[in-house]
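> give me coordinates for this.
(chains A and B)
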Protein chains: 2
Amino acid sequence: MSKKIVVIGGSAAGPKAAARARRLDQTAEIFMFQKCKELSMASCGFPYYVGGVFNDRNQLLAAPTGVTRDPTFFMNTKEIIAKVGYEVTKIDRKGKKVHWKEMETGKTGEQEYDKLIITTGSGAKIPPIPGKDLEGITTLVSIQDADFLRKIRDEKKIKKAIIIGGGLIGIETCEALELAGIEITIVELLPQILTFLDWEMAKLVENYLVKKGINVITNNGVAAFLGENGKLTGVKLQNGTELSCELAVVSIGVFPNSDIAKDAGLEIGPNRGIKINEFMQTSDPDIYAAGDCTEIPQLITGKTVHAPYGDLANLEGRVAGENVIKGNTAKFPGTIQTGICKIFDYTAGATGLSERNAKTLGYDVETVINASPDKPGFMGAKLLISKLVVDKKDQRLLGYQCLGPGDVSKQIALAAMALLGKLKVNDLANLDLPYAPPFSLAIDHFIAGAHIMQNKLSGQMTGISAEEVWKKVNSEGEKPFILDARGPDEFEQMRLGIGEVLIPLGKLRKQMGDLPKDKNKEIIAFCKISLRGYEASLILKANGYTNVKVMEGGIMAWPYKREK
Amino acid sequence: MSKKIVVIGGSAAGPKAAARARRLDQTAEIFMFQKCKELSMASCGFPYYVGGVFNDRNQLLAAPTGVTRDPTFFMNTKEIIAKVGYEVTKIDRKGKKVHWKEMETGKTGEQEYDKLIITTGSGAKIPPIPGKDLEGITTLVSIQDADFLRKIRDEKKIKKAIIIGGGLIGIETCEALELAGIEITIVELLPQILTFLDWEMAKLVENYLVKKGINVITNNGVAAFLGENGKLTGVKLQNGTELSCELAVVSIGVFPNSDIAKDAGLEIGPNRGIKINEFMQTSDPDIYAAGDCTEIPQLITGKTVHAPYGDLANLEGRVAGENVIKGNTAKFPGTIQTGICKIFDYTAGATGLSERNAKTLGYDVETVINASPDKPGFMGAKLLISKLVVDKKDQRLLGYQCLGPGDVSKQIALAAMALLGKLKVNDLANLDLPYAPPFSLAIDHFIAGAHIMQNKLSGQMTGISAEEVWKKVNSEGEKPFILDARGPDEFEQMRLGIGEVLIPLGKLRKQMGDLPKDKNKEIIAFCKISLRGYEASLILKANGYTNVKVMEGGIMAWPYKREK
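Purely as a prediction, here's the structure:
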């Protein structure tokens, strides 16, 4: 007798699970219930549709061949019965059936299953504050949200928008609306945007956004939405400031849609996600779950996390789809929380643990900031700034962040593979990567970061962060001697203006007299990216200076205002 | 007393070794002897200078700040005594000194060392055939070669050129000269160009070159250079064909410059490279070697290979430079032979073992050809075609090849990391990579390849290569039934024309009557990339067909002529 497979949800994990089940069993009856009318939406593409990177809405819904992935497509190519506009209201575990309701008609019914897969996704968090139902407030989670924002883009009536929450979706939305000519302010409750980055890295992205004309307000939340005649006219911030706007996009995060599972008595994890094992199986052996409605193991910490990423949803769906047919033959190991986003001509990404997270978890870490180009100057080099986080105990990579106009995607991919392969600093220092001038430097940016880390771990280089330097410069105490090792022409073009003294590296050996007499004086050396700063520090140490540090990443990674 | 370090060679490994030694020891006396006048040349950038990607020759010789890396630069910034125009003629191991000769004056002398580093690089192979000294024959190894070819480009007098050898340098030179408007023929002795690829992959690159107007002749070598008045006028091929040309670029490979080491009695490896241990130390504990003059372990096979790559030269130099100062603290593990090259708007790369190499080495392998885009259609998808080679015994990745207009560099980087991390197919199937629509599909091309491999290894999919299909179609025996599962519009636009029958996937279940009555008949299914071909194969199997195969990579990976 043919197996009955029921899938609740038809966005990402659901269709993938259903398709995988079909491929492994041509005789199964496969039902897929989807509350909205659309199936297999490329929801990660919404910001690009809103921003006008492409204009054909059907591309969000179409297979690569151009055919819309509607119920007919699912029936003809995969013999999957896709019920769109159907909500599953209840799971009857004892009866092994689900109760459904057709949204338009209100008609209800039941569908039996042998195996059930829950892929109900996530919902957008909305702050419970006054005015939240005013017209002009939206999220960017559903295709309806995308349609709403696209219309705003096309009508060109709205002048000012507030984006609440500076996470991945907020930042992507920001680019989309900016392309529509709307003046944008990002309001973020935390001290920084993009919390997958550490503060000093996020600040560099923030500086870039500001340069692109975006207003960024951190350390401040929205206390109330203000309106007239039911329409949004502004927001009031927690510090009392009022900002006028006609549009507010709420992107403060998502939560797992796990209520239906909870109501059915399935185990729920500490992050509100459906609890699953390595087979994507819930606490009921006949029920699987995949995608944003679950929580999954973080591979570095071993704890479970809510990881609402489209790529993982697909991989999890594939595993669940296999296991409902073949009986727990496939495993999904978990996540290292890899994320990336494009912001105009800039990219920011991260994988593994940030320094902040690693420290919170009790790791004793060493970090490196590495600012250097992605390829040779003659091939059109673009800057990359990255941060490595390493466990001091065993020198294993714990996390990696990278940003800039350069090829960030490859850097994050390398780091993700290093984390998954459990590679250590010495492994990363001698990688055999694809090298040719159009693609990288002879020593790839990623490898260069490992070299700096080796130098720090061995005591060959003593690093200091821009943040610490800034604190020292702005404190009451004795100031360090700050040495800029660049050339005079570079100094003229751009400089920090924190009291630094210019001594070009090439002249340093002859100009030792210009340095402090006190050999124990704290000296901080830097240059554009702090390679010359590093070489300067070695010369100073060899000349008897005992307290010499290198400001990591140099001017390129300086997150504060520069004099010039 | 300060240590005396002598480095022979100043191109890539040499300057890196010298700089690393200096950073670790500010008091050492460091000498670097370089036969030609230039130091630290970006030799991998020569083809791009010849092609006019950039015009400032100094960029090949300058630090990122724009300063030329000449002896003054090395003295001022690194206190390294760089002797340019000096040939080291002999190593006196007993006396611990080298004999040198100044090229211009003929003056000779000696330099003592405590530790010696040999970084003499590689030389271009020249076929020992008649006419090899004619004017108009060159290699592209030295900066003098680059100057010669750049002049040819700028003068625009030469109309026809022959490139002898279709390896990495030959292909890069081909693009450079084509940009100069020269008609180009590549002559390759072997049955294929780019031997780091398997035949069917190399053939796709060849087809692309032909489309770009390049003539490609394989399975044929140059028997003689023809000339008049000492100038090249053409070449005679081994099959007797004569081709006229005014320029011939010989790029049939390089050999390690190890004679000086051999003459000094140092051990030489089976590939003519200087034998070194994991510390880059030769058979004389006071002598190290790095770069193209050495041979190094292949990490997958354990055998040593000559791996003349600029990135490895730098990494090896860094290790040697550390060890001469600190005494064997740093290790260089070896290579997986990762290579990549750009060819117009196409990239081709490989890492690890090709199928051919793996089989020669006795591995029992499974392979996959994966043709699929690098990102969503709405973000400007570009095609990637890749090949995975896996050890059937333990399902470990052995090698990876990738080509196409898409982001090949990231794919090869991922594969290199997978090889270094010793990852297996099931690991690769669930990677947590950086996903956002500007950078990849929700299921990255690399992961999709692993999914296909899982399907093949589990027997879920039976693959057949385009090569095998071509043989079947062109043989005398009974022909297979060939099923194209695309849509009629696609069939009109493009088709193989090998007797295939069009049955769109969506109609297959209803059109089973159009299939052979004999359920044991061999059926080969495909589509554009063979995803629908795969789904069709599953339907056929479920309908009782016992001998159904999927032509891997579909039309996109078909290396032969198409009807349309």
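> residue A:235 sits in which helix or strand?
Following DSSP states H and E, one finds residue A:235 within strand A:231-237.
> and the spatially closest residue to residue A:147 that is not a sequence neighbour, what does it touch?
The shortest distance from residue A:147 to any non-neighbouring residue, by C-beta to C-beta, 6 or more residues apart in numbering or on different chains, is to residue A:57 (7.7 Å). For glycine as for every other residue, the C-beta is placed from the backbone atoms N, C-alpha and C. Contact partners of residue A:57, counting by C-beta atoms under 8 Å, 6 or more residues apart in numbering or on different chains, are A:49, A:147, A:150.
> excluding chain neighbours, what is closest to the closest residue to chain B within the stretch 51-200 of chain A?
Going by C-beta to the nearest C-beta, chain B is nearest to residue A:76 of the stretch 51-200 of chain A, at 3.5 Å. Spatial nearest neighbour of residue A:76, chain neighbours left out: residue B:506 (3.5 Å); criterion: C-beta to C-beta, 6+ apart.
> can you give me the pLDDT of the residue nearest to residue A:147?
We have a pLDDT of 94 for residue A:57.
> please apply the same query to the one 3 residues further on.
The per-residue pLDDT reported for residue A:60 equals 94.
> also residue A:284?
With respect to pLDDT, residue A:284 has a value of 98.
> for residue A:2, see how far away it is.
Noted for residue A:284: a distance of 21 Å to residue A:2, by C-beta to C-beta, to the nearest Å.
> more crowded one of these two?
Neighbour tally, residue A:284 and residue A:2, criterion other C-beta atoms under 10 Å in any protein chain shown: the higher count belongs to residue A:284, 17 against 11.
> can you pull the contacts of residue A:381?
With C-beta under 8 Å, 6+ apart, residue A:381 has these contacts: A:373, A:374, A:375, A:406, B:64.
> just to revisit the earlier point, show me what the helix or strand where the residue nearest to residue A:76 lies is in contact with.
Assigned by DSSP H and E, residue B:506 belongs to helix B:505-508. Applying C-beta under 8 Å, 6+ apart, the contact partners of helix B:505-508 are A:73, A:76, A:77, B:485, B:486, B:527, B:532, B:535, B:536, B:539, B:540.
> flag every residue of the stretch 201-350 of chain A that's near chain B.
Contacts of the stretch 201-350 of chain A with chain B, taken as C-beta under 8 Å from any C-beta of the partner chain, map to A:299, A:309-315, A:318-319, A:331-342, A:347, A:349.
> what about residue A:489, neighbour count?
10.
> now it: how far from chain B?
Separation of residue A:489 from chain B (C-beta to the nearest C-beta, to the nearest Å): 9 Å.
> how near is that residue to residue A:528?
Relative to residue A:528, and taking C-beta to C-beta, residue A:489 is found at 12 Å.
> now swap in residue A:63 and tell me
Between residue A:63 and residue A:528 the computed distance is 48 Å (C-beta to C-beta).
> among these two, which residue is more densely surrounded?
Between residue A:63 and residue A:528, counting by other C-beta under 10 Å, residue A:528 is the more crowded of the two (22 against 14).
> that one touches residue A:491, doesn't it?
No: if you go by C-beta atoms under 8 Å, residue A:528 and residue A:491 don't touch, sitting 10.4 Å apart.
> hang on, the earlier thing: and the contacts of residue A:57, which are buried?
A:49, A:150 (16 or more other C-beta atoms under 10 Å in any protein chain shown).
> which stretch of helix or strand covers the closest residue to residue A:239 other than its chain neighbours?
Nearest non-adjacent residue to residue A:239, counting by C-beta to C-beta, 6+ apart: residue A:220, 5.6 Å away. For residue A:220, there is no host helix or strand (DSSP H and E).
> where's residue A:220 relative to chain B, distance?
Shown here: residue A:220 relative to chain B, a distance of 27 Å by C-beta to the nearest C-beta.
> now do the contacts for that residue.
Shown in contact with residue A:220 (C-beta under 8 Å, 6+ apart): A:187, A:188, A:189, A:237, A:238, A:239, A:241.
> can you show me the helices along the stretch 401-550 of chain A?
Along the stretch 401-550 of chain A, the segments classed as helices by DSSP state H, counting those that start in this stretch run A:408-420, A:425-428, A:445-457, A:466-473, A:488-493, A:505-508, A:531-542.
> export these to a markdown table and tack on mean pLDDT?
Conversion of these to a markdown table gives the following (pLDDT from 0 to 100):
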| stretch | mean pLDDT |
| --- | --- |
| helix A:408-420 | 98 |
| helix A:425-428 | 98 |
| helix A:445-457 | 98 |
| helix A:466-473 | 96 |
| helix A:488-493 | 96 |
| helix A:505-508 | 95 |
| helix A:531-542 | 96 |
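> backbone dihedrals for the residue lying closest to residue A:79 once chain neighbours are set aside, please?
If the residues on either side of it in the chain are set aside, residue A:79 comes closest to residue A:22, at 6.4 Å by C-beta to C-beta, 6+ apart. Phi and psi for residue A:22, reported as degrees, to the nearest 10, are phi -60, psi -50.
> what's the burial count for residue A:22?
23.
> surely residue A:44 is in contact with residue B:436?
Yes: judged on C-beta under 8 Å, residue A:44 makes contact with residue B:436 at a distance of 6.2 Å.
> mind showing which ranges of the stretch 1-150 of chain A have poor pLDDT?
Flagging of the stretch 1-150 of chain A using pLDDT under 70 yields an empty set of residue ranges.
> what about residue A:169, which SS state?
Put simply, residue A:169 is helix when judged by DSSP: H, G, I helix; E, B strand; the rest coil.
> need the contact list for it.
By C-beta under 8 Å, 6+ apart, the residues touching residue A:169 are A:47, A:140, A:141, A:251.
> could I get those residues as a markdown table with secondary structure?
Output for the contacts of residue A:169, formatted as a markdown table (three-state DSSP):
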| residue | secondary structure |
| --- | --- |
| A:47 | helix |
| A:140 | coil |
| A:141 | coil |
| A:251 | coil |
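> contact partners for the residue lying closest to residue A:354 once chain neighbours are set aside?
Once flanking residues are discounted, residue A:354 sits nearest to residue A:198: 4.9 Å by C-beta to C-beta, 6+ apart. Contacts for residue A:198 (C-beta under 8 Å, 6+ apart) come out as A:354, A:355, A:356, A:387, A:401.
> so how far is residue A:369 from residue A:198?
Taken as C-beta to C-beta, the spacing of residue A:198 relative to residue A:369 amounts to 10 Å.
> for the one residue sitting closest to the centre of chain A, give me its contacts.
Geometric centre of chain A, nearest residue: residue A:339, 3.5 Å, by C-alpha atoms, centre = their mean. Remark: with contacts taken as C-beta under 8 Å, 6+ apart, residue A:339 is in contact with A:168, A:196, A:309, A:349, A:350, A:351, B:434, B:436.
> of these - the most surrounded one?
residue A:350 (32 neighbours).
> ok so it is a strand residue?
Yes: according to three-state DSSP, residue A:350 belongs to a strand.
> much appreciated, bye for now.
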